[in-house]
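Participant: no sequence for this one, just the structure:
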């Protein structure tokens, strides 16, 4: 894990969230959704707190966390490069964009580089089909791409990573 | 309320926001304020206009001038020319390539061919109102249907109206909505729920998101109506967390409705109370299946449960529940206001009303369209969609996403409805329509969808978990040139078994993309297996990249190659080492002389 996410402050936030949702029916999913945002992941330590507080077995929580693709056990890299593999993007060549990114960065799909800088993901349709093929880097969207564009986009994030915090 | 002489509507759908429509809005506001026009010109961020291909889109009323692919620097021109001097900036207007040559300049939004050919019911307010202002919704007859239902109609009358309208579920199944409501209404119980399935997961379909982003109050109104009809006092909206704009606008809308007494206790001074809550999904396609959705709301893994018991008897937290998707609900207020006969007058015998389709892929006008059921597919592709780009040949249109199949050129003249699509081996699904041209390989498309279902299979039942994986392995083999003729029989046998024995709709329909491509494009499978070629030039393992004599030695390809497998000197013929080449195609797209080809 490249950065320390298990800070006192984050756990405080988690407790506030748990108090907020404790009394609604079916509180687990909303709490996990918020925990993912607070910590950037839902590691064992966080699951343990939720388990103790809600009196839900840890195994059950682990089962739910690993079921949904938006919940992760480890945090993503500073730059999350997500190539849309919805059908509209796929028929317009998104797979080749993804393949090229994987080769250029040496990071496999769904994995994070050892230095914690990049994560590469193949995402489900983000619904910007008019811009297909599309990829996103954190919140920036790049659309109507051709294979020659990839190099330029990646260079942008290799040079300025010191100034631009993710 | 002050009067404005001009309104600037800026599309705030996800498509246009992705191409910086938020910055365009800011710039407009900035310039309008700078020029002291903020009491005369109102800048509004609306929902999706539908013609996503041409985004970001701005419309200036009262002229209705339709500006497309607006860039941030264009805003200055529009403000200084159009808003200050009253001169429409013709150079920035959308060119309507579908219209006769003399009418191509879209001086008025209502004249654009793409919109003229549609009939908007569910999308009525999208791109028209500001979705974050409840008064604008009310001005367009919003909450009038709820008022009518609560003050003039009995629950049974509402059920009757919805049944008579012939509305069927727009999420894919096509189950009659009125009958579903009636089941829940007849189930005894003090607590019932209305569930809205906004977990739109079909790749390439985004109509539900657009409704949520463009007209969120419409959903609230419809769910309250459903609550009244069935005796439910609480609604849950299960929405994808991947739709941040939609979630935000729906939250705002719920708050506003509560403030105005349109949600909460004793709505319109009657005995009826209704409340709503948003629940976020977390990225699982299977949660679009209603019993999986229920499990997810309850805080479990989103795994489907056997039916019966149906949700109408035992749904969310074990209580009787009606679950409909967003588009289905969006039709309801109109049905109440204009009458079920009006709704049933549109469409075919068994599929009434209109349907929203998300048109995408190899088509000139990507975007969201709403048409009457029974419209011919050819009309959609050629007239509204504007045909295939770059003069390529139409090959097939894929409907129904990972559960659907392909429709070929031979069947373009069938009227689109639930039953016709099923008879062609496809299905309506949620309304994704992806057009493919001669450059798309159908075996690869089948593999793409199987890859999707394998990834999204929840793993509860064996046929889906193991069967789809085995099918994917076979398709992988075929696209890598390692297939055998027996593989086709194996695929068909597996498909039949998975369809008949899977627990839920995901597994039961997962083999459809394979069966449908086998039905219409068997020769392509055979070319991969016997000839070891990919006729469309897609499957990487069966291709090699070659530099022809047209090479001028500009060295551009050498620079972009990520693996450095291209050799050659300046002004000399370059060469690709076929063993090192990863076939990414970067060189081919950069070559200014088209000297690189795939063989």
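Facilitator: Received it, and whenever you're ready, just let me know what you need. Model, not experiment: these values are computed from the prediction. Residues are numbered from 1 along each chain as shown, chains lettered A, B, ... in the order given.
Participant: alpha carbons only for contacts and neighbour counts from here, please
Facilitator: OK.
Participant: Spatially central residue in chain A, please.
Facilitator: residue A:76 (5.5 Å; CA atoms, centre = their mean).
Participant: Nearest residue to residue 82 in space, ignoring adjacent ones along the chain?
Facilitator: I went with chain A, as the question did not name one. Once flanking residues are discounted, residue A:82 sits nearest to residue A:121: 4.6 Å by CA to CA, 6 or more residues apart in numbering or on different chains.
Participant: right idea, wrong chain: chain B
Facilitator: Per CA to CA, 6+ apart, closest to residue B:82 is residue B:88, 4.9 Å.
Participant: quick one on the thing from earlier: could you check how far the residue nearest to the centre of chain A is from residue B:396?
Facilitator: 38 Å (CA to CA, to the nearest Å).
Participant: same deal with residue B:280?
Facilitator: 35 Å.
Participant: Which of those two has more residues huddled nearby?
Facilitator: residue B:396 (23 against 20; other CA atoms under 10 Å in any protein chain shown).
Participant: Secondary structure element for the more buried one, which one?
Facilitator: Assigned by DSSP states H and E, residue B:396 belongs to strand B:394-399.
Participant: Check which helices and strands the helix or strand following that strand is in contact with.
Facilitator: As assigned by DSSP H and E, the chain's next helix or strand after strand B:394-399 is strand B:405-408. If you count contacts as 3 or more CA pairs under 8 Å, 6 or more residues apart in numbering or on different chains; DSSP states H and E, strand B:405-408 packs onto strand B:394-399, helix B:512-526.
Participant: thinking again about what came up before, tell me both backbone torsions, phi and psi, for the residue nearest to the residue nearest to the centre of chain A when sequence neighbours are not counted.
Facilitator: Computed as CA to CA, 6+ apart, the closest residue to residue A:76 that is not its neighbour in sequence is residue A:119, at 5.9 Å. Main-chain torsions, residue A:119, degrees, to the nearest 10: phi -120, psi 140.
Participant: on that earlier part again, how about the residue nearest to the centre of chain A, what does it touch?
Facilitator: A:40, A:41, A:112, A:116, A:118, A:119 (CA atoms under 8 Å, 6 or more residues apart in numbering or on different chains).
Participant: Just put the residues you listed in TSV and tack on pLDDT and secondary structure.
Facilitator: Output for the contacts of residue A:76, formatted as TSV (pLDDT from 0 to 100; DSSP: H, G, I helix; E, B strand; the rest coil):
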residue	pLDDT	secondary structure
A:40	93	coil
A:41	95	coil
A:112	92	strand
A:116	88	coil
A:118	94	strand
A:119	94	strand
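Participant: end-to-end on stretch B:305-321?
Facilitator: Stretch B:305-321 has an end-to-end distance of 15 Å (criterion: CA to CA).
Participant: again with stretch B:535-543
Facilitator: Separation of the first and last residues of stretch B:535-543 by CA to CA is 10 Å.
Participant: Now do the same for it: mean pLDDT, whole number.
Facilitator: The average of the pLDDT scores along stretch B:535-543 is 90.
Participant: same thing with stretch B:426-444?
Facilitator: Computed over stretch B:426-444, the average pLDDT equals 93.
Participant: Return the most buried member of the helices and strands packed on strand B:405-408.
Facilitator: When the helices and strands packed on strand B:405-408 are scored by mean count of other CA atoms under 10 Å in any protein chain shown, the highest mean neighbour count falls to strand B:394-399 (a mean of 24).
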